[in-house]
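Engineer: I need the structure of the sequence given here:
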Amino acid sequence: MKRAAKGLAILALTLLALIGGGLWLLDATLGSGMCHTTVYSAAASATGDITARNQMTDCGATTGFSRVVMLMKQGLWTDECRALALRGQPSVKMTWQSDTLFVSHNANHADIIAQSDQCFGHAIKIVQER
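Structural biologist: Numbers count the residues shown, from 1 in each chain. Presented below is the predicted three-dimensional model:
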């Protein structure tokens, strides 16, 4: 009887360790810890309520290289608006002039994934340099 109880306890602990380890591994690989965002530059608007960020989010082998200009609006919750997305690793420069964000880049036209002409009521002017 003692031998059966001891064997059952060992089996339960082994299963608990395997299930717990499996859940940890699942969370580590599929959870928020898998992706990493690198911010290359940032520029705040004149009022300071909007920040433009030149960034890349790397989620491992599932994503390629890109540059994304995101506008972040602080409040109770942070709102985001994608101003520009470029394939590859082009040069990106950002400057604010009054309420307008000027973005220049050297990506080929075919490498433009998406672009917007305004975010949060601020105009966005995008210039493709050669």
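Engineer: can we go C-alpha only for contacts and neighbour counts from here?
Structural biologist: OK.
Engineer: by mean pLDDT, which helix or strand of this structure comes out lowest?
Structural biologist: In the chain, the helix or strand scored least confidently by mean pLDDT, DSSP states H and E is helix 2-30, which has a mean of 70.
Engineer: what about L18, distance to A42?
Structural biologist: Going from L18 to A42 by CA to CA, to the nearest Å gives 44 Å.
Engineer: neighbour count winner among those two?
Structural biologist: A42 (16 against 12; other CA atoms under 10 Å).
Engineer: thought D99 was touching A46?
Structural biologist: Yes. Using CA atoms under 8 Å, D99 makes contact with A46 at a distance of 7.2 Å.
Engineer: now do the contacts for the most centrally placed residue in the chain.
Structural biologist: Most central in the chain under CA atoms, centre = their mean is T57, positioned 4.1 Å from the mean C-alpha point. Counting by CA atoms under 8 Å, 6 or more residues apart in numbering, T57 touches 35-38.
Engineer: quickly list what it is bridged to.
Structural biologist: With DSSP bridges as the criterion, T57 is bridged to T37.
Engineer: kindly report the same for A43.
Structural biologist: Applying DSSP bridges, one finds that A43 bridges with A52.
Engineer: thanks a lot, catch you later.
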